[in-house]
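Trainee: got a predicted structure here, sequence first:
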Number of protein chains: 2
Amino acid sequence: MTKLPGQSIRSSTTGRPIMVLLDALGKRWTLRVIWELNRNGSSSFRELQTQCEDVSPTSLNQRLKDLRELGLVELGAHGYMLTDQGRSLSKLLLPLDKWATNWASSFSDDDQRR
Amino acid sequence: MTKLPGQSIRSSTTGRPIMVLLDALGKRWTLRVIWELNRNGSSSFRELQTQCEDVSPTSLNQRLKDLRELGLVELGAHGYMLTDQGRSLSKLLLPLDKWATNWASSFSDDDQRR
DNA sequence: CTTGACGCTACTAAAAATGTAGCGCATGTT
DNA sequence: AACATGCGCTACATTTTTAGTAGCGTCAAG
């Protein structure tokens, strides 16, 4: 079972919400699924699969289970989508895009200097 | 070798910076290490270990290698610490703490209603 | 009554993370 | 000189997680 805030998880016995969150986001595909659902509004299972570099159905299903238990994702009539909570979280993640672009430029700068 | 922006990584053949980032953050302990280094300024290897729920040295070392290659962490005279880039990234992560607290309350609210 | 798309599972193989012990090095103490 | 202490880190065997491939059960349309 996926662990909820207040409960002990693999990486934290305290159950502190931020630790639960960091642990959940630290599983492969979690961030990516949130990212794609935020970008695309809602996606079917198989659409999500292709959006996520053809992640295996096993892994995708596991992550979706996790995310549903965490109250971040739900399965509606039009496929999978973020819940209100999921959407509010993904808003916090948006700045990462711009940050990453700038971050990447520091590597290509290095390359050019050599 | 850990993949840098612009290169193909396990979860993305495009090398788009945001994908590289999401992939890196999606490895266990990555977010936690950044979080702890931001909280504590700098830590020795073994201090980090205890801060991170006694993560195994194997795993911690692997993550630290990754983070150094990504230019987010460096090993200085006073132990491990965030680089400028690492610090700017961790600033973006700070709001997650408050978010997680609010998020957790939605679970305990549910519990109380039952 | 077949076809196609849906969510998803079974099963095996590969990769990642863990646990435990301890190395090699520097610095400090007796 | 001898010993202890703390450092970053490695070796290696085990466990857990993730991946890959095939395909099931359901449902709606043609």
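Mentor: Yes, it's here.
Trainee: C-alpha from now on. contacts and neighbour counts both.
Mentor: Will do.
Trainee: how about the strands in chain A?
Mentor: For chain A, applying DSSP state E gives strands covering A:42-43, A:73-76, A:79-82.
Trainee: what sits closest to residue A:44 if chain neighbours are left out?
Mentor: Of all residues beyond its chain neighbours, the one nearest residue A:44 is residue A:79 (4.4 Å), with distances taken as C-alpha to C-alpha, 6 or more residues apart in numbering or on different chains.
Trainee: in the sheet, who's paired with that neighbour?
Mentor: Listed beta-bridge partners, residue A:79: residue A:76 (assigned using DSSP bridges).
Trainee: check contacts around the most centrally placed residue in chain A.
Mentor: Nearest to the mean C-alpha position of chain A, by C-alpha atoms, centre = their mean, lies residue A:31 at 2.1 Å. If a contact means C-alpha atoms under 8 Å, 6 or more residues apart in numbering or on different chains, then residue A:31 has A:25, B:22, B:26 as its contacts.
Trainee: run through the residues that contact the first one.
Mentor: When you say that, I think you mean residue A:25. For residue A:25, the contacting residues are A:31, B:25-26, taking C-alpha under 8 Å, 6+ apart as the criterion.
Trainee: cool, the second one as well?
Mentor: With contacts taken as C-alpha under 8 Å, 6+ apart, residue B:22 has the following neighbours: A:31-32.
Trainee: next one, pLDDT for it please.
Mentor: Note for residue B:22: predicted pLDDT of 98.
Trainee: if I look at it, how far off is residue B:5?
Mentor: When C-alpha to C-alpha, to the nearest Å is the yardstick, residue B:22 and residue B:5 sit 11 Å from each other.
Trainee: over to the last one?
Mentor: As defined by C-alpha to C-alpha, residue B:26 lies at a distance of 15 Å from residue B:5.
Trainee: same check, this time on residue A:44
Mentor: As judged by C-alpha to C-alpha, residue A:44 and residue B:5 stand 29 Å apart.
Trainee: before we move on, what about residue A:109?
Mentor: 12 Å.
Trainee: flag every residue of chain A that's near chain B.
Mentor: Contact residues of chain A with respect to chain B, defined by C-alpha under 8 Å from any C-alpha of the partner chain, are listed as A:5-6, A:11-12, A:17-19, A:21-23, A:25-32, A:52-53, A:85, A:89, A:92, A:95-97, A:99-101, A:103-104, A:107.
Trainee: what's the PyMOL line that selects buried ones from those?
Mentor: Applying 16 or more other C-alpha atoms under 10 Å in any protein chain shown to the residues of chain A next to chain B leaves a buried subset, and the PyMOL line that selects it is:
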select buried, chain A and resi 5+6+11+12+17+18+19+21+22+23+25+26+27+28+29+30+31+32+52+85+89+96+97+99+100+103+104
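Trainee: quick check: the residue of chain A nearest chain B.
Mentor: Residue nearest to chain B within chain A (C-alpha to the nearest C-alpha): residue A:26, separated by 4.3 Å.
Trainee: what residues does that residue make contact with?
Mentor: Remark: with contacts taken as C-alpha under 8 Å, 6+ apart, residue A:26 is in contact with B:25-31.
Trainee: and those residues near DNA strand C, which?
Mentor: Restricting these to those near DNA strand C by C-alpha under 7 Å from any atom of the strand leaves B:27-29.
Trainee: name the nearest residue to residue A:42, ignoring sequence neighbours.
Mentor: Counting by C-alpha to C-alpha, 6+ apart, residue A:81 is the residue found nearest to residue A:42 once chain neighbours are left out, at 4.6 Å.
Trainee: number of residues surrounding that neighbour?
Mentor: A count of neighbours around residue A:81, defined by other C-alpha atoms under 10 Å in any protein chain shown, yields 25.
Trainee: no further queries at this time; thank you.
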